[in-house]
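In: dropping a prediction and its sequence here:
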Amino acid sequence: MTVPDPSAQARSIAPAAPERPKGLLIVDLGAQYAQLIARRIRECGTWCEIVPAARALEAARAMAPGGIVLTGGPASVYAEGAPVVPPELLGLGVPVLGICYGMQWMTQALGGRVRGSGEREFGHTSIAVTESNGLFHGIDGRTVVWMSHGDKVVTLPPGFKTYARSETCEHAAIGDPARGFFGVQFHPEVTHTARGVELLRNFVFQVCGMPGDWQPDSIVEQAIQKIHSTVGPHGEVVLGLSGGVDSSVAAVILHRAIGERLHCIFVDNGLLRKGEREVVETTFRDQWGVDLTVVDAAERFVDHLKGVTDPEAKRRSIGGDFVEVFRGEATRFRAAHFLGQGTLYPDVIESVPVHGGNTAMIKSHHNVGGLPDDMDMQLVEPLRELFKDEVRAIGRFLGLDERIIARQPFPGPGLAVRVVGEVTPERLAVLREADHIVTTEVEAAGAHASLWQYFAVLLPVQSVGVMGDQRTYESTCALRIVSSSDGMTADWVYLEHELLRRISSRITAEVRGINRVVLDISSKPPSTIEWE
Ligand code: XMP
């Protein structure tokens with residue numbers, strides 16, 4: 001008789017620890033563009049992580065990166081308090097790309113010389129490539145790059161040669177191909193640098209020899225392994241599903257990982273857009289077979305908004321109600337000790353203060369309108385290491401409804417911050433109809449692809465109009481149509497005249513209560529995208 005080996009059994013039951021993908025380490029030296037560099041590298045199918053200089057060595061040891069990128073930064077290498085990069089990074093035997101400040105620091109650390117300069121070179125610059133290999137594999141002749149620097153490299157470190165020069169910058173790009181060390185004075189990550197993507201691809205593939213295996217299938221596989229190792233074979237997870245792309249993709253991955261042990265809660269707060277609840281119900285319950293609880297709490301939310309006109313008071317009321325309602329529902333799942341959230345990588349990156357210093361700050365973030373800290377549950381965040389574009393790519397890979405993947409951002413407080421002034425069921429209904437017309441017309445015309453958001457706002461302004469023989473005195477609706485890359489800044493967009501005409505006439509003809517449509521032509525800053 002063979003006696004079972006209990007430790008072998010335990011090993012087979014214990015979830016496999018998720019393997020870290022081989023990736024690049026990005027050392028943030030206070031760069032404006034650190035996240036952009038990371039996104040570009042991820043676009044090369046390569047995992048990467050951003051860390052502040054103070055944590056770079058520890059992270060490099062833990063991660064064993066295939067290459068290191070030292071970002072730019074606002075400081076001068078000579079300035080007091082300039083970011084201190086651990087020099088040991090240059091002794092790990094892995095390629096290093098220094099961008100702007102990163103190049104200057106590397107030059108100095110390896111025995112070259114950087115000269116401070118009172119003048120800044122800023123904007124488009126033409127460079128002449130002198131070495132078409134390594135970082136410049138397949139790139140020769142002249143090309144346009146984006147410069148933004150004061151100091152520059154005047155003496156190369158031993159072993160380095162010049163790869164490109166501009167009229168004002170003799171060493172616009174340098175490299176020591178034997179060690180895989182390269183430096184560029186310009187910014188390859190911004191679109192203004194014509195062949196920037198090629199340069200970064202060259203670093204990733206030619207110089208670092210990465211396999212390019214950070215692809216949707218491996219990302220999902222890794223996320224699932226991680227969920228298994230966090231929640232174990234019996235753990236149950238509750239997830240607040242808002243219908244936005246983040247919580248939706250998180251739900252689909254969690255569902256793939258743990259099936260019916262995932263319980264999604266969708267709170268209908270009465271402040272949703274037309275058809276929103278139905279899309280969530282059909283997608284998750286009918287199509288995916290997810291255990292979905294839809295809580296109809298519209299009356300409670302809207303009741304509590306009676307007489308409230310201050311935007312912050314509205315937000316507080318809605319946020320408070322959400323927490324109460326969600327907590328009430330979540331506690332029904334007694335066996336669920338885990339709380340799923342759609343937190344993304346940009347929300348958790350340790351950021352370095354822009355003006356010197358190395359103290360890392362961790363941004364705090366709560367998804368889905370802010371969940372209470374005292375909910376005694378362990379977080380499961382399957383998107384925690386992903387950028388938004390990766391989340392969308394995974395959503396598509398998993399077959400999630402395109403209406404959810406391509407959804408424009410929608411604020412947690414919903415239509416309440418677009419009904420300027422008091423929120424009433426009647427005003428919400430009017431706005432919901434007008435907004436639906438804006439959305440369907442913009443999307444039918446295919447104009448949405450280049451837009452960040454396009455929606456209607458109901459103003460607390462009534463004006464005189466005429467309909468048939470009747471004089472009317474009704475509300476005004478504003479069209480808010482903006483482009484943006486991250487919502488931090490935004491430009492107003494003028495849609496084609498015919499499309500605007502159609503939207504305006506449909507709203508005034510079909511929506512009872514609106515007799516005037518105006519166009520918001522304000523950018524952010526100084527305005528905000530939402531009106532409240
Ligand atoms: P603002 O109005 O500040 O909006 O220019 C920038 C982006 O954020 C969205 N937004 C919110 N999202 N809760 C959210 O989840 C909110 O309270 C909120 N307020 C604004 C807005 O739609 C835009 O995309």
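Out: Noted; the coordinates are in hand. These numbers come from a predicted model, not from an experiment. Residues are numbered from 1 along each chain as shown.

In: quick one: the strands in the stretch 251-400 of the chain?
Out: Here the stretch 251-400 of the chain has its strands, by DSSP state E, counting those that start in this stretch, at 262-268, 291-296, 336-340, 350-351, 361-362, 378-380.

In: so what's the gap between stretch 509-529 and the chain middle?
Out: 27 Å (C-alpha atoms, centre = their mean, to the nearest Å).

In: check stretch 83-91 too.
Out: Per C-alpha atoms, centre = their mean, the centroid offset for stretch 83-91 relative to its chain is 29 Å.

In: buried ones in it?
Out: 83, 85-86, 89-90 (16 or more other C-beta atoms under 10 Å). In this view, the C-beta of every residue, glycine as well, is placed from N, C-alpha and C.

In: mind checking the end-to-end distance for that stretch?
Out: Across its full length, stretch 83-91 reaches 19 Å between end residues, using C-alpha to C-alpha, to the nearest Å.

In: would you mind listing what in the chain touches the ligand?
Out: Contacts of the chain with the ligand, taken as C-beta under 6 Å from any ligand atom, map to 315, 409, 411-413, 453, 487, 524, 528-530.

In: try it again at 5 Å.
Out: Taking C-beta under 5 Å from any ligand atom as the criterion, the chain approaches the ligand at residues 409, 411-412, 487, 528-530.

In: would you turn the strands of the stretch 251-400 of the chain into JSON lines with mean pLDDT and mean neighbour count?
Out: Shown next, in JSON lines, are these (pLDDT from 0 to 100; neighbours: other C-beta atoms under 10 Å):
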{"stretch": "strand 262-268", "mean pLDDT": "98", "mean neighbour count": "23"}
{"stretch": "strand 291-296", "mean pLDDT": "98", "mean neighbour count": "16"}
{"stretch": "strand 336-340", "mean pLDDT": "96", "mean neighbour count": "21"}
{"stretch": "strand 350-351", "mean pLDDT": "65", "mean neighbour count": "16"}
{"stretch": "strand 361-362", "mean pLDDT": "45", "mean neighbour count": "10"}
{"stretch": "strand 378-380", "mean pLDDT": "95", "mean neighbour count": "16"}
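
In: can those go into JSON lines with extra columns for distance to W214?
Out: Output for the strands of the stretch 251-400 of the chain, formatted as JSON lines (distance: least, C-beta to C-beta, whole Å):
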{"stretch": "strand 262-268", "distance to W214": "25"}
{"stretch": "strand 291-296", "distance to W214": "31"}
{"stretch": "strand 336-340", "distance to W214": "23"}
{"stretch": "strand 350-351", "distance to W214": "21"}
{"stretch": "strand 361-362", "distance to W214": "24"}
{"stretch": "strand 378-380", "distance to W214": "21"}
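
In: any idea where the helices of this structure begin and end?
Out: Ranges of helices in the chain, per DSSP state H, are 6-13, 34-43, 56-63, 101-109, 196-201, 216-231, 245-258, 276-280, 298-304, 311-330, 388-397, 402-405, 425-444, 497-510.

In: which residues does the shortest one contact?
Out: By C-beta atoms under 8 Å, 6 or more residues apart in numbering, the surrounding residues in contact with helix 402-405 are 243-245, 248-249, 279, 283, 392, 395-396.

In: just the pLDDT for R277.
Out: In this prediction, R277 carries a pLDDT score of 97.

In: quick check: closest non-adjacent residue to it.
Out: D268 (5.2 Å; C-beta to C-beta, 6 or more residues apart in numbering).

In: I'd assumed V294 was in contact with the one you found.
Out: Yes. Using C-beta atoms under 8 Å as the test, D268 is close enough to V294 to be in contact (6.1 Å).

In: relative to M375, which of the helices of the chain is closest?
Out: Across the helices of the chain, M375 has its closest neighbour in helix 311-330 (6.4 Å, C-beta to C-beta).

In: what residues of that closest one count as buried?
Out: By 16+ other C-beta under 10 Å, the buried positions in helix 311-330 come out as 314-315, 317-319, 321-323, 325-326, 329-330.
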